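Q: with the input below, show me the fold.
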Amino acid sequence: MKSGRQLNKQEQLAAMGTRRFSLWNFWIASLVLKILLIPDYFSTDFDVHRNWLAITHNLPLRQWYYEATSQWTLDYPPFFAYFEWFLSQFVPGTVKQDGCLEIVDKGQFGWSTLVFQRSTVILSEILLFVVLQVFINTSSVTERTQSFVIASSIVLSPAFLIVDHIHFQYNGFLFAILIASIVAAKRGKYLWCATFYSVALCFKHIFLYLAPCYFVFLLRAYCLNFQDFKFKSYKDLIFIVKWRHLFQLGSIVIGVFALCFGPFVKDLPQVLTRLFPFSRGLTHAYWAPNFWALYSFLDKILTVVMLKLPYVHQFTSKFIQPPLIPSTIDEIKQRIAQNNNGTKGLVQDVFFVILPQITPKLTFALTAFYQVLAVIPVLFDPSYKRFIGSLTLCGLASYLFGWHVHEKAIMLAIVPFSFLVACDRRLLTSYMLLAASGYVSLFPLLYENQDFLLKCLYTLVWCMIYFYALRKTTFLSSSVERRVFFLDRLSMIYIYLLLPLVLGVQFLDMMKWRYPLFQKFEFVSLMSYSVYCSLGIIGSWAGLSWLYNFDEPLWE
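A: Just a heads-up that it's a prediction; the model follows:
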């Protein structure tokens with residue numbers, strides 16, 4: 001009998017090894033909530049996917065990317081179009097009669113279509129639970145508890161609940177394929193890693209932002225041999241490359257893309273035009289909380305200041321000559337009247353009144369620059385930990401500096417960071433900043449009053465449970481405890497202030513329905529979310545970048 005004494009380390013490990021960590025109870029519990037949310041609010045994305053079902057079901061394959069009866073044209077890669085076609089084969093007769101598969105300018109559908117499409121999201125998300133269960137089962141005994149906390153935090157993520165099961169999208173199974181590539185990388189299955197990532201990219205092209213990290217990691221870890229190489233002359237450089245591995249890797253990637261885009265090879269320019277519509281403008285109708293949100297906010301502040309205080313414009317024009325800034329106050333007013341200045345909720349080119357205009361080339365250059373900084377360390381250390389750190393920073397760089405970024409793209413950084421945070425407790429503060437501000441930034445997607453308590457309570461409970469669980473299960477990689485970064489206490493204050501922000505914005509939204517005066521400031525709510533959450537996301541990126549580049553013991 002071992003009662004009355006503590007278990008030793010070996011006994012604890014044995015107990016952990018026999019413990020079964022299952023996600024299926026989470027699936028059953030969350031299934032009940034998702035079924036209850038079926039009649040809830042849904043966005044225009046619901047009609048987007050209904051229209052894609054109709055296009056792929058009714059039209060021959062070559063016309064899929066030309067059809068434009070509805071403004072919600074098909075703009076995902078072909079694998080997702082095949083997925084929509086597959087789903088359309090299971091549409092029941094009652095759902096067809098409801099108008100689900102009709103190609104029309106604006107969808108007319110009822111309860112049966114709603115239930116069917118909601119069900120496809122719920123069922124497709126099973127893949128996420130399966131992949132993360134594999135992640136848990138293949139972890140070592142000492143990592144099993146951490147892996148369970150990470151996996152459950154992802155499957156219960158407020159983002160998947162808000163974006164997929166209320167707002168309506170299919171991110172659950174799409175990220176499951178990406179996570180499968182991460183799990184394969186951890187296990188050293190590099191060909192499987194390349195396969196899963198290529199498949200994920202052919203389903204959703206937003207994963208292209210992560211391509212630099214995957215390219216460098218797979219090239220360095222699988223195709224280059226520096227350990228046994230002895231350099232005598234430049235001719236010996238050819239022996240650095242493991243040519244058989246390179247051909248295997250290249251064949252897999254080319255094969256996946258050929259399978260995806262092969263049927264559309266004659267119409268590839270049209271497909272690419274749909275996938276990369278640069279005419280949509282720098283920012284989305286609702287500013288994603290990134291660097292350009294702060295840039296847009298600064299432009300609004302300068303505009304108001306110069307209109308209210310003309311002498312500020314006179315003073316500024318002495319140092320900054322037109323056309324960098326408007327030459328007169330009348331020109332400022334003319335720019336406001338004639339152009340989309342970013343507060344009209346329009347999806348088109350944004351014209352800044354005071355600050356210089358931003359071009360797609362500039363956003364591409366900034367994104368590429370910071371991604372290069374993130375992948376260089378992987379060239380020297382292609383470890384799993386470095387790979388996940390680089391993956392997270394690549395996702396953050398694309399989110400912060402990309403062109404026409406959607407607020408939902410924050411998952412491109414949060415999901416990889418979830419796998420990284422377990423490596424060291426010093427990463428926890430940066431992760432909490434990103435998760436808290438990133439999830440709160442999704443709140444404006446649910447603008448119905450009945451969803452206010454749901455999104456607030458669910459996110460609050462998630463943060464309390466998983467921030468505490470991660471703090472208890474993560475460990476320091478060295479014996480000396482160091483702070484995550486020097487602003488960690490300020491970060492906690494920032495996180496606590498998210499609650500007053502949410503309550504304050506909700507109060508303004510309630511008042512605008514009662515008092516016409518508040519309707520003049522309709523964009524203030526969205527601007528508040530964008531500006532404040534962007535500070536947290538940028539702070540997280542800065543903290544992780546510092547640790548990634550300057551804290552070598554953390555990555556050993």
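Q: what about the helices in the stretch 51-200 of the chain?
A: Along the stretch 51-200 of the chain, counting by DSSP state H, counting those that start in this stretch, helices occupy 78-88, 93-97, 111-124, 126-137, 144-155, 158-159, 171-186, 190-203.
Q: residues in contact with the fourth one?
A: With Cβ atoms under 8 Å, 6 or more residues apart in numbering as the contact definition, helix 126-137 has outside contacts at 21-24, 26-27, 144, 147-148, 150-151, 154-155, 160, 172-173, 175-177, 179-180, 183, 186. In short, each C-beta sits where N, CA and C put it, glycine included.
Q: on that earlier part again, take the helices of the stretch 51-200 of the chain and write them to TSV, including distance to Leu379 and mean neighbour count.
A: Rendered in TSV, the data for these read as follows (distance: least, Cβ to Cβ, whole Å; neighbours: other Cβ atoms under 10 Å):
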stretch	distance to Leu379	mean neighbour count
helix 78-88	30	19
helix 93-97	52	14
helix 111-124	37	18
helix 126-137	26	19
helix 144-155	27	22
helix 158-159	32	24
helix 171-186	16	23
helix 190-203	16	22
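Q: out of those helices, which is closest to Arg274?
A: Of all the helices of the stretch 51-200 of the chain, it is helix 78-88 that lies closest to Arg274, at 10.3 Å by Cβ to Cβ.
Q: just checking, Leu31 touches Leu123?
A: No: using Cβ atoms under 8 Å, Leu31 makes no contact with Leu123, being 10.2 Å away.
Q: could you identify the longest helix within the chain?
A: helix 524-550 (DSSP state H).
Q: enumerate the positions of that one that are buried.
A: Residues 525-534, 536-541, 543-545, 547-548 are the ones in helix 524-550 that count as buried (16 or more other Cβ atoms under 10 Å).
Q: mind listing what Thr69 touches?
A: If you count contacts by Cβ under 8 Å, 6+ apart, then Thr69 has Ile103, Val104, Asp105 around it.
Q: for the last one, which non-adjacent residue is spatially closest?
A: Translated: Asp105. Ser70 (5.6 Å; Cβ to Cβ, 6 or more residues apart in numbering).
Q: could I get the phi/psi values of the one you found?
A: Backbone geometry at Ser70, expressed as degrees, to the nearest 10, gives phi -100, psi 150.
Q: equivalent analysis for the one 3 residues further on, please.
A: Note on Thr73: backbone dihedrals following degrees, to the nearest 10 are phi -70, psi 160.
Q: what do you get for the one 3 residues further on?
A: Backbone torsions for Tyr76, taken as degrees, to the nearest 10, come to phi -110, psi 160.
Q: right, and it touches Phe207 too?
A: No: contact criterion Cβ under 8 Å: Tyr76 and Phe207 do not qualify, at 11.4 Å.
Q: circling back: how about a markdown table for the helices of the stretch 51-200 of the chain, with mean pLDDT added?
A: Below are these laid out as a markdown table (pLDDT from 0 to 100):
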| stretch | mean pLDDT |
| --- | --- |
| helix 78-88 | 96 |
| helix 93-97 | 93 |
| helix 111-124 | 95 |
| helix 126-137 | 96 |
| helix 144-155 | 94 |
| helix 158-159 | 96 |
| helix 171-186 | 96 |
| helix 190-203 | 97 |
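Q: and these: which comes nearest Val461?
A: Nearest to Val461, of the helices of the stretch 51-200 of the chain and by Cβ to Cβ, is helix 158-159 at 9.4 Å.
Q: ok, and what's touching that closest one?
A: Contact with helix 158-159 is made by Asn171, Lys408, Ile410, Met411, Ile414, Gly438, Tyr439, Leu442, Lys455, Tyr458, Thr459, Trp462, as judged by Cβ under 8 Å, 6+ apart.
Q: report the lowest-confidence entry in these.
A: In terms of pLDDT, the lowest of the contacts of helix 158-159 is Lys408, showing 89.
Q: who's in contact with that one?
A: Applying Cβ under 8 Å, 6+ apart, the residues contacting Lys408 are Ala159, Val163, His167, Gln169, Asn171, Leu442, Leu445.
Q: in the helix or strand hosting Arg471, which residues are buried?
A: Using DSSP states H and E, Arg471 sits in helix 452-473. Under the neighbour-count criterion of 16+ other Cβ under 10 Å, helix 452-473 has 452, 454-456, 458-460, 462-463, 466-467, 469-470, 473 buried.
Q: packing partners for it?
A: helix 144-155, helix 158-159, helix 428-440, helix 498-514 (3 or more Cβ pairs under 8 Å, 6 or more residues apart in numbering; DSSP states H and E).
Q: quick one: which of those helices is nearest Ala54?
A: helix 158-159 (27.9 Å).
Q: quick one: distance of that closest one to the chain centre.
A: 11 Å (Cα atoms, centre = their mean, to the nearest Å).
Q: which residues touch the nearest residue to Leu433 once chain neighbours are set aside?
A: Closest residue to Leu433 apart from its sequence neighbours, by Cβ to Cβ, 6+ apart: Ser540 at 4.0 Å. Counting by Cβ under 8 Å, 6+ apart, Ser540 touches Leu396, Ser430, Tyr431, Leu433, Leu434, Ser437.
Q: just Tyr214 next, same as before
A: When contacts are counted by Cβ under 8 Å, 6+ apart, Tyr214 is found next to Ser181, Cys193, Ala194, Tyr197, Leu391.
Q: 10 Å instead, please
A: By Cβ atoms under 10 Å, 6 or more residues apart in numbering, Tyr214 lies in contact with 181, 185, 193-194, 197-198, 200-201, 207, 253, 375, 378, 387, 390-391, 394.
Q: kindly report the same for Leu59.
A: Tyr66, Glu67, Leu74, Trp85, Ile103.
Q: just those residues now: which is nearest Val265?
A: Tyr66 (15.0 Å).
Q: now do that closest one against Phe419, distance only.
A: Going from Tyr66 to Phe419 by Cβ to Cβ, to the nearest Å gives 40 Å.
Q: what's around the nearest residue to Leu201 once chain neighbours are set aside, how many residues?
A: Residue nearest to Leu201 in three dimensions, not counting chain neighbours: Phe207, with 4.7 Å by Cβ to Cβ, 6+ apart. Using other Cβ atoms under 10 Å, Phe207 has 23 other residues around it.
Q: Phe207 reaches Ile182, doesn't it?
A: No: under the criterion of Cβ atoms under 10 Å, Phe207 makes no contact with Ile182, lying 11.8 Å away.
Q: find residues that contact each of these two.
A: Contacts common to Phe207 and Ile182, judged by Cβ under 10 Å, 6+ apart, are Phe175, Tyr197.
Q: may I have the helix holding Arg471 as PDB, with CA atoms only?
A: Extracted C-alpha coordinates of helix 452-473, given in PDB (Å, rounded to 0.1, in the frame of the first residue of the first chain):
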ATOM      1  CA  PHE A 452     -23.000  39.400 -26.100                       C
ATOM      2  CA  LEU A 453     -23.100  37.200 -22.900                       C
ATOM      3  CA  LEU A 454     -22.200  34.100 -24.900                       C
ATOM      4  CA  LYS A 455     -19.000  35.500 -26.400                       C
ATOM      5  CA  CYS A 456     -18.000  37.300 -23.300                       C
ATOM      6  CA  LEU A 457     -18.600  34.500 -20.800                       C
ATOM      7  CA  TYR A 458     -17.200  31.800 -23.100                       C
ATOM      8  CA  THR A 459     -14.000  33.700 -23.800                       C
ATOM      9  CA  LEU A 460     -13.600  34.700 -20.200                       C
ATOM     10  CA  VAL A 461     -14.000  31.200 -18.900                       C
ATOM     11  CA  TRP A 462     -11.600  29.900 -21.600                       C
ATOM     12  CA  CYS A 463      -8.900  32.400 -20.600                       C
ATOM     13  CA  MET A 464      -9.200  31.700 -16.900                       C
ATOM     14  CA  ILE A 465      -9.000  27.900 -17.300                       C
ATOM     15  CA  TYR A 466      -6.300  27.700 -19.900                       C
ATOM     16  CA  PHE A 467      -4.100  30.500 -18.800                       C
ATOM     17  CA  TYR A 468      -4.000  28.800 -15.300                       C
ATOM     18  CA  ALA A 469      -3.600  25.300 -16.800                       C
ATOM     19  CA  LEU A 470      -0.700  26.400 -19.000                       C
ATOM     20  CA  ARG A 471       1.000  28.200 -16.100                       C
ATOM     21  CA  LYS A 472       0.800  25.000 -14.100                       C
ATOM     22  CA  THR A 473       1.900  22.600 -16.900                       C
END
